[in-house]
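**Student:** Everything below, folded, please.
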Amino acid sequence: INKIQEPSSMAERDAKRKAAGVAEAKAKSPSKKARKEKGDKTEKRDRKRSESGDSTDAPAKRSKEKDVADGAAREEGQGDDAKAEADGDTTEAPKYGEKNAVPQNHKEQKELKLKRKMLRNPHFEMVTQVKLEWEKARSRRVSAKDRSACVTSIVESVRGHMIDVIMQHDSVRVIQTCMQYGSSAERNEIVTELEPHTLALSSAAYGKFMIQKMLVYGTPQQREKIISRFYGSVRKLIKHRHAAAVLALAYADYASSDQRASMLLEFYGPKYALFKGKGKVKSLDDILEAQPDKKGKILEHIKTTLTPLLEKGLCAHHIVHRALYNYLRFIPPGGNEFSEMLEAIKELLVEMVHTKDGAKITAHCIWGADAKTRKLIVRSFKPYVTKVCTEEDGHSALMALFDVVDDTVLMSKSILAPMLADIGEIGVDKFGQQVLLYLLAPRSHKYFGLELRTFLETGDGNAYSKKDTKTRQEELRASLIAPLAEFATKNAGMLVGDGQSSQLLFEIINAQAPDSKEMKALLTAVAATARDDSIKPLSAEDAAKASTGVEASLLGHAVGHRFAKKVLEKSNPFAESFARMLVSEVDGRIVEVTNHNRACFVLLSVLEGEFPSVQSDIERLLRKAGLESKEPISAGAKIILKVLSGDKSSGKTAAPSKSKSTKKKGSAKKA
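**Tutor:** Numbers count the residues shown, from 1 in each chain. Presented below is the predicted three-dimensional model:
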């Protein structure tokens, strides 16, 4: 039954929908009555127009008559005035100079623009005049006398109005030039007039440059006055787009230690600003030592101040780094406070690592981070490895990474691979060499100071490093040995002539397998520097002081000969191989080489080493050199003669005898 009735029910539903649509269309369309009323109104309006003689063609007719009148007026030469009369308008247009006048040419436009500038700026004429003087003063071709006269004229012109001049984009540089080239009296006048407006100028888009010039060229007393104006507003200024740069410059480059401490006090709470200038409190350690119960409130206040800055990514300034480091020092790693702060800054660490405090912050975060967070930090460093390696402070953060990250595969890919890709730059940079030395000889007392070693020891025993320290170091070193040997072989002439570079070269040699082809190639390259003029300067400064001849070789160079003696020490497994290569290099020019005192001491090390494969050859060469006939004979040659004559103790006890005189003892050490 349902199947039979279903089609009929669908048909009924469609019929209802159609009826509803028709009803809706009727409701929207106007009715017959409404259409009739509209038509009546239109017919009535047209009837009135026809009765008054105004038909629908009237506008077109009027327009035509108007065109005819305009043409006639133009023919008679009447122009716009005739046209206005034809329209029935007899009022004259305003001439230029009157109110609401429109300039008709370029000259009038310039005059109008000039008048508007004079209305906006009451000092327009003065600023225009001093800008002409400034053009002369800033020129490099002008003499010092003429520049001084221009600066004096400018200062006299703007006296009492400097703040108004500085706030304008086109005249702020005028006062900056006066601050740079003015006399001490003129600089003092500028600072005296502008110092009360320090906060306003620091927050201005163009005024901030004037405060920076005052800090650069001002006296210590003037800088102290300017910096004291920041007191009470440090937290506000550090959040400001323009003022933050001024405050950071003052803190990092020109503030004294007391002034820095006073500026930092505002991060600890309003209460501690009262200690400014009284010498009672200088650091957070002093505050917490005197009031340990205030630790929680102080740390909470630091966190409240820093959080908005870190959320906006404003973390490039030294003062922010110092405040953040003070906060991290006093919260336990792994706690809620540490985890919250680490979450906020883990991706910003690479931007903070360029300062001393920023590098310490990075190290603390690495020590307290779990494996997952450490992986994120390591990957964030990957694009900037070379830059961080060659930074004075940033390179220590990489050392902290080498100490604690257990994933050595990740470290090899993200840190060591970029380092090796730029080894030509890192290997000759003094901070890059420190990083390489740390990988080859971790925490060696010979290469790293007590302060750095003590700081890095803070991270030992952290909760998230599980791998054995020696195993981690060996795994990191394994991927470096061969590439470093290749680098040292190609650049042996540069490395042996520099103090720290020669230390790196020695550690690279020491890391190679004794019988490997890399070791043989490296020792051969080092021995080849015994030839004259083989040592190349490491930098442009070294090139200016470069020596020639034997003094520019491994045997006669001030640094190179000490390196050679170190390699020839009997305790080194590669000493005999190097001695054999060295003897081969000097064979044929032994007379020339022994004329140099330093070269004689290197050959003496070979002679005293008593290497079986070399001993007979070195003795034969030295006897052939004719040392006894040299005039004057060097100290090294004298000792060699004594050893050759059978006095074995002469060479080993060659140092001058001890004396009771302090002066003589110092001279002996120097010799």
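**Student:** thought residue 574 was touching residue 516?
**Tutor:** No. Under the criterion of C-beta atoms under 8 Å, residue 574 lies out of contact with residue 516, with a separation of 10.6 Å. For glycine as for every other residue, the C-beta is placed from the backbone atoms N, C-alpha and C.
**Student:** Which one of the two is surrounded by more residues?
**Tutor:** Taking other C-beta atoms under 10 Å, residue 574 and residue 516 do not tie; residue 574 has more neighbours (18 against 13).
**Student:** Tell me how far the more buried one lies from residue 489.
**Tutor:** With distances taken as C-beta to C-beta, to the nearest Å, residue 574 is found 14 Å from residue 489.
**Student:** what does residue 240 give?
**Tutor:** Taking C-beta to C-beta as the measure, residue 240 falls 55 Å from residue 489.
**Student:** Over to residue 172?
**Tutor:** The separation that residue 172 has from residue 489, given C-beta to C-beta, amounts to 57 Å.
**Student:** Looking at the two, which one has more neighbours?
**Tutor:** residue 172 (20 against 17).
**Student:** Please export the C-alpha coordinates of stretch 127-135 as PDB.
**Tutor:** As requested, C-alpha coordinates have been extracted for stretch 127-135 and formatted as PDB (Å, rounded to 0.1, in the frame of the first residue of the first chain):
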ATOM      1  CA  VAL A 127      66.500  76.400  10.600                       C
ATOM      2  CA  THR A 128      66.900  77.200   6.900                       C
ATOM      3  CA  GLN A 129      69.900  79.500   7.700                       C
ATOM      4  CA  VAL A 130      71.700  77.000  10.000                       C
ATOM      5  CA  LYS A 131      71.200  74.200   7.500                       C
ATOM      6  CA  LEU A 132      73.200  76.200   5.000                       C
ATOM      7  CA  GLU A 133      76.000  76.600   7.600                       C
ATOM      8  CA  TRP A 134      75.700  72.900   8.400                       C
ATOM      9  CA  GLU A 135      76.300  72.000   4.700                       C
END
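**Student:** Run through who's touching that stretch.
**Tutor:** Residues outside stretch 127-135 that contact it (C-beta atoms under 8 Å, 6 or more residues apart in numbering) are 121, 150, 153-154, 157-158, 165, 168, 170-171, 173-174, 177.
**Student:** taking those residues as a set, which two sit the farthest apart in space?
**Tutor:** Based on C-beta to C-beta, the longest span within the contacts of stretch 127-135 runs between 121 and 150 and measures 22.0 Å.
**Student:** Compare neighbour counts for these two and give me the winner.
**Tutor:** Neighbour comparison, residue 121 and residue 150: the larger count goes to residue 150, with 23 against 16 (by other C-beta under 10 Å).
**Student:** Give the other helices and strands that the helix or strand harbouring that one contacts.
**Tutor:** Secondary structure assigned from DSSP states H and E places residue 150 in helix 144-158. With contacts defined as 3 or more C-beta pairs under 8 Å, 6 or more residues apart in numbering; DSSP states H and E, the packing partners of helix 144-158 are helix 124-137, helix 172-181, helix 184-194.
**Student:** who's in contact with residue 401?
**Tutor:** Contacts here follow C-beta under 8 Å, 6+ apart; on that basis residue 401 touches 366, 377, 378, 381, 411, 415.
**Student:** switch the cut-off to 7 Å
**Tutor:** For residue 401, the contact set (C-beta atoms under 7 Å, 6 or more residues apart in numbering) comprises 366, 378, 415.
**Student:** for residue 314, same thing?
**Tutor:** Taking C-beta under 7 Å, 6+ apart, we find residue 314 in contact with residue 244.
**Student:** cool, and the one 5 residues further on?
**Tutor:** With contact taken as C-beta under 7 Å, 6+ apart, residue 319 is in contact with 238, 247, 248, 251, 263.
**Student:** wait, the last one sits on residue 232?
**Tutor:** No. Between residue 263 and residue 232 no contact is recorded; they are 10.3 Å apart, counting by C-beta atoms under 7 Å.
**Student:** Compare the two and say which is more crowded by neighbours.
**Tutor:** The residue with more neighbours, out of residue 263 and residue 232, is residue 263; 25 against 14, by other C-beta under 10 Å.
**Student:** State the pLDDT value of the more buried one.
**Tutor:** If you check residue 263, the pLDDT there is 90.
**Student:** Give me the nearest residue to it, chain neighbours excluded.
**Tutor:** Of all residues beyond its chain neighbours, the one nearest residue 263 is residue 234 (5.2 Å), with distances taken as C-beta to C-beta, 6 or more residues apart in numbering.
**Student:** Return the residues in contact with the one you found.
**Tutor:** Under the criterion of C-beta under 7 Å, 6+ apart, the neighbours of residue 234 are 247, 263, 266.
**Student:** Let's see which of those residues end up in helices.
**Tutor:** When DSSP state H defines the helices, the subset of those inside them is 247, 263.
**Student:** ok, so of the contacts of residue 234, who is nearest residue 428?
**Tutor:** Within the contacts of residue 234, the smallest distance to residue 428 is 36.8 Å, found for residue 247 (C-beta to C-beta).
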